[in-house]
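Visitor: Please work out how this folds:
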Amino acid sequence: MGIAASCLIIVLVVCLLAGVPIIWSLGLASMISIILNPDLSLVVVAQRLFAGADSFSLLAVPAFMLAGDIMAKGGLSKRLVNLADSLVGWISGGISIVSIVACTFFAAISGSSVATTAAIGGLMYPEMVKRGYPEDYSAALQAIGGTLGIVIPPSVVFVIYGNVTGVSISKLLMSGVLSGLFCCLMLCVLAFVIAKKKKFPKEHSFSGKKVLKALKDSVFALLMPLIILGGIYAGIFTPTEAAAVAVLYGTIICVFVYREITTKELWRIMRGTVKSACNIMMLVAMAQVFAYLITYYDITNRIAYAVLGVCHTKIVFLLMINLLLIIAGMFLDNGSIILILGPILAPLAVQYGIDPVHFGLIVVFLLAMGQCTPPFGTCMFVSCGVANRPVGGVARQLMPFILVEILCGLIFSFVPAFSTLIPNML
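Guide: Okay, the predicted model is just below:
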């Protein structure tokens with residue numbers, strides 16, 4: 001590997017370790033590498049930045065973010081909580097299970113883990129504490145439930161992964177349905193076991209009348225994922241157009257039906273979404289420069305030969321990927337990891353005969369889990385902020401749930417049907 005290619009990796013690693021923001025780390029590494037290569041010009045930076053941003057599929061990112069923000073502030077979250085409470089609140093430790101189920105419902109309309117944790121956590125944390133649950137445990141449940149936000153479609157991270165690797169975004173979105181529901185079930189089982197062991201209070205008895213009332217109140221929220229995913233697979237619109245439909249639908253429901261958002265508040269929500277989306281889009285565009293150089297220097301194939309020499313079987317490779325992504329998720333946000341490692345790992349997986357959609361689900365799920373792992377889990381930080389609790393105490397309560405998600409990650413890695421069954425059916 002030449003000096004320019006080596007500097008691309010070395011400068012990136014040094015910058016990240018020094019705490020330089022990821023977008024500037026990628027840009028600095030790319031520019032130094034280009035300067036050291038007499039065959040390249042800095043014009044490449046401008047060209048690849050433009051090419052990276054000029055993507056129709058990327059329009060889905062700000063649109064899904066806006067739809068999620070509108071629905072989080074438009075009354076849908078509390079209706080979904082009421083529905084979850086009517087369905088599972090009667091089980092031992094029911095309110096803890098309600099938190100996880102409500103996060104699962106909200107994940108199906110938000111596309112964001114952080115938004116899910118903030119929206120559901122703001123409602124469920126005070127309620128759990130009021131009913132006698134430990135504060136750190138209550139905060140931990142909001143964080144772990146929020147991780148499902150980018151697994152269950154619609155998912156902003158699946159859109160970014162598909163754009164970076166060229167895998168079908170529609171199939172990636174559908175790969176998260178069965179996997180997300182299974183993980184939800186496993187987390188609920190653990191919450192039930194903990195509730196039994198610690199003798200947490202049992203809530204109200206089951207009431208079909210209450211379920212029907214809650215279902216009626218939340219029907220508009222539940223229709224959204226059906227409209228989006230149904231429209232995509234019926235050929236009515238693309239995933240990008242589906243994101244625009246989600247914004248329109250969410251606006252109509254929250255402004256004109258529920259009437260919980262005024263036009264002034266809607267404008268404020270849009271401004272906040274634009275700021276968040278700009279950061280992501282700038283990162284995606286800069287990552288395209290880095291990905292171009294990765295391809296130009298043939299780094300992917302070099303790494304592939306090295307990995308093939310160590311990992312002689314698909315099983316060893318998958319175990320290595322699980323370990324790598326768990327560690328990476330502890331220190332970097334999922335978007336950054338996908339943009340850096342996606343162009344490298346996806347071609348490697350194909351060489352081991354792994355379905356691209358299956359591998360995409362593995363990557364996104366493990367990175368979703370990373371949003372709850374110390375020391376830099378974003379969902380963990382959001383939950384601690386909502387609950388005003390120290391990170392250390394919440395992190396300790398998260399450990400059993402993180403172990404369950406690690407187990408789910410291994411199951412998804414070695415049982416491809418969880419990610420490929422629904423996409424192949426459709």
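
Visitor: When you work out contacts or count neighbours from here on, use the C-alpha atoms and nothing else.
Guide: OK.

Visitor: where does the chain have low pLDDT?
Guide: The model of the chain has pLDDT under 70 over residues 1, 89, 202-206, 300-301, 304-305, 307-308, 426.

Visitor: Taking the centroid of it, which residue is nearest it?
Guide: residue 150 (2.5 Å; C-alpha atoms, centre = their mean).

Visitor: gap between it and residue 256?
Guide: Counting by C-alpha to C-alpha, to the nearest Å, the separation of residue 150 from residue 256 is 28 Å.

Visitor: Now stretch 262-278: buried residues?
Guide: Buried residues in stretch 262-278, counted by 16 or more other C-alpha atoms under 10 Å: 266, 269-270, 273, 277.

Visitor: residue ranges for the helices of the stretch 251-400 of the chain, please.
Guide: 263-296, 299-310, 314-329, 334-351, 356-369, 378-387, 391-414 (DSSP state H, counting those that start in this stretch).

Visitor: before we move on, the earlier item: wouldn't the residue nearest to the centre of the chain be in contact with residue 112 here?
Guide: Yes - contact criterion C-alpha atoms under 8 Å: residue 150 and residue 112 qualify, at 5.3 Å.

Visitor: and the buried residues of stretch 262-278 as JSON lines, adding distance to residue 328?
Guide: Formatted as JSON lines, those follow (distance: C-alpha to C-alpha, whole Å):
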{"residue": "266", "distance to residue 328": "36"}
{"residue": "269", "distance to residue 328": "31"}
{"residue": "270", "distance to residue 328": "32"}
{"residue": "273", "distance to residue 328": "27"}
{"residue": "277", "distance to residue 328": "23"}
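
Visitor: Show me which of those is closest to residue 130.
Guide: residue 269 (30.2 Å; C-alpha to C-alpha).

Visitor: need the contact list for the closest one.
Guide: By C-alpha atoms under 8 Å, 6 or more residues apart in numbering, the contact list for residue 269 reads 66, 69-70.

Visitor: can I assume residue 140 is in contact with residue 380?
Guide: Yes - Residue 140 lies in contact with residue 380 (C-alpha under 8 Å); the separation is 7.2 Å.

Visitor: Name all residues that sit in contact with the two at the same time.
Guide: 394-395.

Visitor: ok, residue 74 - contacts?
Guide: 254-255, 258-261 are the contacts of residue 74 under C-alpha under 8 Å, 6+ apart.

Visitor: hmm, I was thinking of residue 57
Guide: Residue 57 neighbours (C-alpha under 8 Å, 6+ apart): 159, 163, 239-240.

Visitor: Any chance of the residues you listed in TSV with neighbour count, distance to residue 421 and secondary structure as columns?
Guide: Shown next, in TSV, are these (neighbours: other C-alpha atoms under 10 Å; distance: C-alpha to C-alpha, whole Å; DSSP: H, G, I helix; E, B strand; the rest coil):
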residue	neighbour count	distance to residue 421	secondary structure
159	26	20	helix
163	20	22	helix
239	25	19	helix
240	21	23	helix
